[in-house]
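**Student:** Mind folding the following:
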Amino acid sequence: MAESEPDIDDKKLLPKKMIKKPLLIVIFVLINIIVIAATAFSEFGNSENAATLSEVKINWWFLLPPVICFVIAMTIEISKYVLIMRSMTKEKFDRKRAHKVARRTVLLGRYYDSITPAAIGGQPFQIYYMRKNSNLPAGESTAIPIFGMISGQIGFIIIAVICFLFGSASINNAVLIGTACFGLLFYAFWPVTVMIATFLPKATAELINKIVRFLAKIHIVKDPKKTTKKVEYEVNAYAKCVRLILKTKGLFLKTVLMSVVFHILISTIPFFVLTAFGGDVDFLPCFVTTVAVTSAVYFIPTPGNAGAAEGTFYVVFSQLSSGYIFWAMLVWRFFSYYIYIIMGPIVYFLMHLERKRDEKAKALKS
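**Tutor:** Below you'll find the predicted structure:
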């Protein structure tokens, strides 16, 4: 095992109440599906200019690359978690079991990110699932989802910075560039703060105090002392998890590189969707615009950035005819959001079947 575990009360990072009974899980999932369906209708259902599907000419072959990009991206993300799990244990970790735990950890994390405001629900449920199913110590079960998230954020930051430095000229929209840079600051705040805290804890504490005091002056934070204490605790918890990961040589670099590839593949999907619907667009401007828009909507505190994402991504799809925009954005939204809502209940259903099978097997043995 790893030499030491983070000295943190990781129960504070878990959701306060977990849904344990299968019936309650089903009800919870159905409620979320209804909410998301209502959101989808409000976003896309009133498009008067949308052409009927029979009138839309689609190059179906160009819808295959988005599927391939998505499958490869999710495979890489799951493999990243498998790599972390196997690297953190000296003894042989069964790859099949590690892959199952990693797959469910990733999919459940994406599901809860999609149904909670500002994507705050995924990580606590990932920690909870790993603690119950990975057979790893509590500290490592906490560190893996935390570092999975941080490495993913760092991967996107790397891509965004490169795009903004060398590709911003391809975006003829100063407002979008400004909003994207502002959103990137929000996106970068947490991972940068955690990385600084990993090596400079005192400097981080001072930085947090200054930021909280500033937010209190502009009446965003009501209780500066309580907020400072809470943020310092979470940053220290994250930093200790990062230090645990960094004990494994080369793991940090590998996971960040895998995250970079993941975000490149996901950000490539709109280009192929546009091409499938007859759009005539160059790859680089489309890719850079997609990264900029993704950054711009980051700080919107709605589940899956619903509402803001559709309005902002109109910049990417606006070169299509008005009748085609509806269908193109619906396809893109499926890959970027709705598919996670679908996969979450499937994972829960498979877990329920597995639990019933195990209970039956135990009953037969006894």
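
**Student:** which residue is nearest the middle of this protein?
**Tutor:** residue 110 (5.7 Å; C-alpha atoms, centre = their mean).

**Student:** could you check the distance from it over to residue 123?
**Tutor:** Using C-beta to C-beta, to the nearest Å, one gets 11 Å for the distance from residue 110 to residue 123. C-beta coordinates here come from the backbone N, C-alpha and C atoms, glycine included.

**Student:** Residue 86 too?
**Tutor:** Taken as C-beta to C-beta, the span from residue 86 to residue 123 is 21 Å.

**Student:** and what of residue 351?
**Tutor:** From residue 351 over to residue 123 the distance is 19 Å, taken as C-beta to C-beta.

**Student:** Then residue 70?
**Tutor:** Noted for residue 70: a distance of 22 Å to residue 123, by C-beta to C-beta.

**Student:** now residue 330
**Tutor:** Relative to residue 123, and taking C-beta to C-beta, residue 330 is found at 29 Å.

**Student:** out of the two, which sits in the more crowded spot?
**Tutor:** Neighbour count, other C-beta atoms under 10 Å: between residue 330 and residue 123, residue 123 has more, with 20 against 17.

**Student:** Name all residues that make contact with that one.
**Tutor:** By C-beta atoms under 8 Å, 6 or more residues apart in numbering, the contact set of residue 123 is 13, 109, 145-146, 149.

**Student:** One more: residue 111?
**Tutor:** 122, 340-341, 343-344, 347.

**Student:** Okay, now the unreliable bits of the stretch 201-350 of the chain?
**Tutor:** Under the criterion pLDDT under 70, the flagged ranges of the stretch 201-350 of the chain are 298-324.

**Student:** at 90 instead, please
**Tutor:** 201-252, 270-271, 273-350 (pLDDT under 90).

**Student:** max-length helix in the chain?
**Tutor:** helix 138-166 (DSSP state H).

**Student:** Could I get the buried residue list for it?
**Tutor:** By 16 or more other C-beta atoms under 10 Å, the buried positions in helix 138-166 come out as 138-157, 159-160, 163-164.

**Student:** name the helices or strands packed onto it?
**Tutor:** Counting contacts by 3 or more C-beta pairs under 8 Å, 6 or more residues apart in numbering; DSSP states H and E, helix 138-166 packs against helix 64-87, helix 95-115, helix 122-133, helix 174-199, helix 224-246, helix 251-276, helix 283-296.

**Student:** The contacts of residue 111, buried ones only, as a ChimeraX selection?
**Tutor:** In ChimeraX syntax, the buried subset of these is picked out as below (16+ other C-beta under 10 Å):
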select :122,340,341,343,344,347
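
**Student:** export the contacts of residue 111 to a markdown table and tack on distance to residue 202?
**Tutor:** Putting those into a markdown table (distance: C-beta to C-beta, whole Å) gives the following:
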| residue | distance to residue 202 |
| --- | --- |
| 122 | 31 |
| 340 | 39 |
| 341 | 43 |
| 343 | 43 |
| 344 | 41 |
| 347 | 42 |
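
**Student:** Narrow the contacts of residue 111 to those in helices?
**Tutor:** 122, 340-341, 343-344, 347.

**Student:** Please report the distance of the residue nearest to the centre of the chain from residue 70.
**Tutor:** The value you get for residue 110 to residue 70, if C-beta to C-beta is used, is 12 Å.

**Student:** just residue 239 next, same as before
**Tutor:** From residue 239 to residue 70 the distance is 33 Å (C-beta to C-beta).

**Student:** Same question for residue 177.
**Tutor:** In terms of C-beta to C-beta, residue 177 sits 27 Å off from residue 70.

**Student:** what's the answer for residue 281, then?
**Tutor:** Distance from residue 281 to residue 70, by C-beta to C-beta: 20 Å.

**Student:** ok, now residue 331?
**Tutor:** 11 Å.

**Student:** again, but for residue 345
**Tutor:** Taking C-beta to C-beta as the measure, residue 345 falls 18 Å from residue 70.

**Student:** now the contacts of residue 123 in JSON lines, with distance to residue 210 and pLDDT?
**Tutor:** Shown next, in JSON lines, are the contacts of residue 123 (distance: C-beta to C-beta, whole Å; pLDDT from 0 to 100):
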{"residue": "13", "distance to residue 210": "25", "pLDDT": "55"}
{"residue": "109", "distance to residue 210": "32", "pLDDT": "87"}
{"residue": "145", "distance to residue 210": "29", "pLDDT": "85"}
{"residue": "146", "distance to residue 210": "24", "pLDDT": "81"}
{"residue": "149", "distance to residue 210": "25", "pLDDT": "86"}
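
**Student:** And these, which two are furthest apart?
**Tutor:** Farthest-apart pair in the contacts of residue 123 is 13 and 109; separation 13.3 Å (C-beta to C-beta).

**Student:** Which one's more surrounded, the two?
**Tutor:** Neighbour count, other C-beta under 10 Å: between residue 13 and residue 109, residue 109 has more, with 26 against 19.

**Student:** List the buried residues in the helix or strand encompassing residue 353.
**Tutor:** Per DSSP states H and E, residue 353 falls inside helix 339-365. If you call a residue buried by 16+ other C-beta under 10 Å, then helix 339-365 has these buried ones: 340-341, 343-345, 347-348, 351.

**Student:** What is that helix packed up against?
**Tutor:** Short answer (3+ C-beta pairs under 8 Å, 6+ apart): helix 339-365 packs on helix 22-44, helix 95-115.

**Student:** Determine which of these shows the lowest mean per-residue pLDDT.
**Tutor:** Among the helices and strands packed on helix 339-365, helix 22-44 has the lowest mean pLDDT, at a mean of 55.

**Student:** about what we covered before: mind putting the buried residues of helix 339-365 in CSV, distance to residue 259 included?
**Tutor:** Listed next are the buried residues of helix 339-365 as CSV, based on distance: C-beta to C-beta, whole Å:
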residue, distance to residue 259
340, 17
341, 23
343, 20
344, 21
345, 26
347, 22
348, 26
351, 26
